[in-house]
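Q: Requesting a structural model of the entry that follows:
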Amino acid sequence: MNEISTSSVEEYLAICSDLVRKWSSPESGEPCLWYRGQKNASWGLIPGEYRFPYLDADEIRSEFVLKAKALLDRVPATDWDWYFIMQHHGLPTRLLDWTEGSLIGLHFALSQDTGKSDSAVWILDPWALNRWSIKKPDLVITGAEFESNSVALKYLGPVYKKLMLPQRPIAVVPPHNSARITAQRGTFTVHGKRIEGLEIQFNTRLKKIVIPKDRCLEMRRSLRSAGISEFTLFPDLDGLCRDIRSVEIEGC
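A: Next up is the predicted model:
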């Protein structure tokens, strides 16, 4: 595994900048890399649906759509919107959350760290992923105006047609139709039929940065000084309460 350890925010940012330079090309310029923070460095990049193979994913999706409409301020415009909302509220999907912000990814790696294990940030070149998976170095854009996108439809299709899914995972861009997605600069990868972690299927332009558990507290404080906190990324009452708790109880 292409893995490196870091012990400070400054060192972490230097690694990110070095990757941007290393993965740049004269033809396409500098890539906009994606970041995914995970509180346990030993975890792979496996989406929720594939961690629970006994689940009936189609039944879960159908029940959610049936019962969630009354709880939403705005009914989702597309099937992709429904799928993103399912992921956002904790139901298992074939999606993995990423962000375009390096410090945001680091925050998600450290925000739930209890000091019991090392954390990690995965860094991905999404254009390289799609060049490998769908033979086009383009991101797959979702949203109402892109609803007929044939590639997107193949990866979304009804879960009960799983056998029709393409094999490889791809990078997709959601519409910024919620304050959280905008604040978090959210993006996604979506798995195809193969259930192995992304790091097993694709490792050409994927790097893992490990944060030792004894550096978590100090790096969280550095992030807060840089303006990255729970309330920054969750601009609602839940985020505000977690932010206050973090300062008053955890000291960062």
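
Q: can you tell me which helix or strand residue 16 belongs to?
A: Counting by DSSP states H and E, the element that carries residue 16 is helix 9-22.

Q: Tell me which helix or strand comes right after that helix.
A: strand 34-38.

Q: tell me which strands and helices that next one is in contact with?
A: Other helices and strands packing on strand 34-38, by 3 or more CB pairs under 8 Å, 6 or more residues apart in numbering; DSSP states H and E, are strand 95-99, helix 102-110, strand 119-124. Where you see a C-beta, it was placed from the backbone N, CA and C, and this is true even at glycine.

Q: what element comes up after it heading to the C-terminus?
A: Taking DSSP H and E, what comes next after strand 34-38 is helix 48-51.

Q: Mind checking the pLDDT average for that following helix?
A: Helix 48-51 carries an average pLDDT of 93.

Q: Now do the helix or strand following it: distance to the chain's middle.
A: Per DSSP H and E, helix 48-51 leads on to helix 57-68 as the next helix or strand towards the C-terminus. Mean-position distance between helix 57-68 and its chain equals 22 Å (CA atoms, centre = their mean, to the nearest Å).

Q: ok, now stretch 58-69?
A: 23 Å.

Q: which residues in the stretch 101-250 of the chain form helices?
A: 102-110, 126-133, 150-156, 179-184, 198-201, 216-225, 230-233, 237-248 (DSSP state H, counting those that start in this stretch).

Q: Including mean neighbour count, could the ones you listed go into TSV?
A: Compiled in TSV, the helices of the stretch 101-250 of the chain are given as follows (neighbours: other CB atoms under 10 Å):
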stretch	mean neighbour count
helix 102-110	24
helix 126-133	20
helix 150-156	17
helix 179-184	16
helix 198-201	18
helix 216-225	18
helix 230-233	19
helix 237-248	13
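
Q: neighbouring contacts of the helix holding residue 16?
A: With contact meaning CB atoms under 8 Å, 6 or more residues apart in numbering, helix 9-22 is reached by 4, 6, 30-31, 33, 35, 102-103, 106, 121, 123, 207, 209, 211, 219, 222-223, 226.

Q: try stretch 43-59
A: So stretch 43-59 is in contact with 36, 87, 91-96, 120, 122, 158-160, 162, 189-191, 195-200, going by CB under 8 Å, 6+ apart.

Q: By neighbour count, sort out the buried ones in those residues.
A: The neighbour count (16 or more other CB atoms under 10 Å) marks 36, 87, 91-96, 120, 122, 159, 189-191, 197-199 as buried among the contacts of stretch 43-59.
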